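**Student:** got a predicted model here, sequence first, then my questions.
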Amino acid sequence: DTAVSQTPKYLVTQMGNDKSIKCEQNLGHDTMYWYKQDSKKFLKIMFSYNNKELIINETVPNRFSPKSPDKAHLNLHINSLELGDSAVYFCASRLAGDQETQYFGPGTRLLVL
Amino acid sequence: QKEVEQDPGPLSVPEGAIVSLNCTYSNSAFQYFMWYRQYSRKGPELLMYTYSSGNKEDGRFTAQVDKSSKYISLFIRDSQPSDSATYLCAGYPSGGYQKVTFGTGTKLQVIP
């Protein structure tokens, strides 16, 4: 009965590889997000997406691309991984217009070697 | 200067104490403010969500915003060991959650 789930939990990969992280929510929410939390615990929003629009944080490199097959899923694809991409990536969801319904997933710990 | 500043701690208090966690921010356009609790190796959990200046209470938690001084606080009454976590504050301007900015968090330890 997990509200927001992410796979995999851990991901270790080499520089230059392409990888995807999956996110699913069973809350019936219509807005989903990806965040990056670095080693100093600094959390930054990367993408905001609902079935109408994708809003990209302008600081996110275009190697990162969200893909949403349906309202319950928002996957994150990363091309040409770099050392600086090592971080914890969190998915979250909420109902549009109701920030208080926001829930985060457990995170995916990415280590790029 | 970071847009949202928090003392990283750690802050250690005895069980039952009143805890005060604080943030300052620099963006005068911020209208919405949030406090999140993050347990070790878990995702953040939204604790409090407030609009503009004022107080909001929810059980043992009280969030306070003073926009004139750009200062936000979270008070925890009767602190419990289960409150031990990192607390993140965040703010964003009206209509612009995609511009949300988080502090780096204050680590709290409540000692039984």
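**Tutor:** It's in.
**Student:** which residues of chain A lie near chain B?
**Tutor:** Residues of chain A lying close to chain B (C-beta under 8 Å from any C-beta of the partner chain) are A:4, A:40-45, A:48, A:55, A:57, A:90, A:92, A:99-100, A:102-107. (C-beta placed from N, C-alpha, C; glycine too.)
**Student:** rerun at 10 Å
**Tutor:** By C-beta under 10 Å from any C-beta of the partner chain, the part of chain A that sits against chain B consists of A:4, A:6, A:9, A:31, A:33, A:35, A:37-38, A:40-48, A:55-58, A:88, A:90-92, A:94, A:98-107, A:109.
**Student:** residues contacting the residue in chain A that chain B sits nearest to?
**Tutor:** When you check chain A against chain B by C-beta to the nearest C-beta, the closest residue turns out to be residue A:104, at 3.3 Å. The contact partners of residue A:104, by C-beta atoms under 10 Å, 6 or more residues apart in numbering or on different chains, come to A:3-4, A:6, A:33, A:35, A:43, A:90-94, B:36, B:38, B:42-46.
**Student:** buried residues, stretch B:74-87. List them.
**Tutor:** Of all the residues in stretch B:74-87, those buried under the rule 16 or more other C-beta atoms under 10 Å in any protein chain shown are B:74, B:75, B:76, B:79, B:83, B:84, B:85, B:86, B:87.
**Student:** likewise stretch A:3-13?
**Tutor:** Residues of stretch A:3-13 classed as buried by neighbour count (16+ other C-beta under 10 Å): A:4, A:6, A:11, A:13.
**Student:** I'm done for today, thanks for sticking with me.
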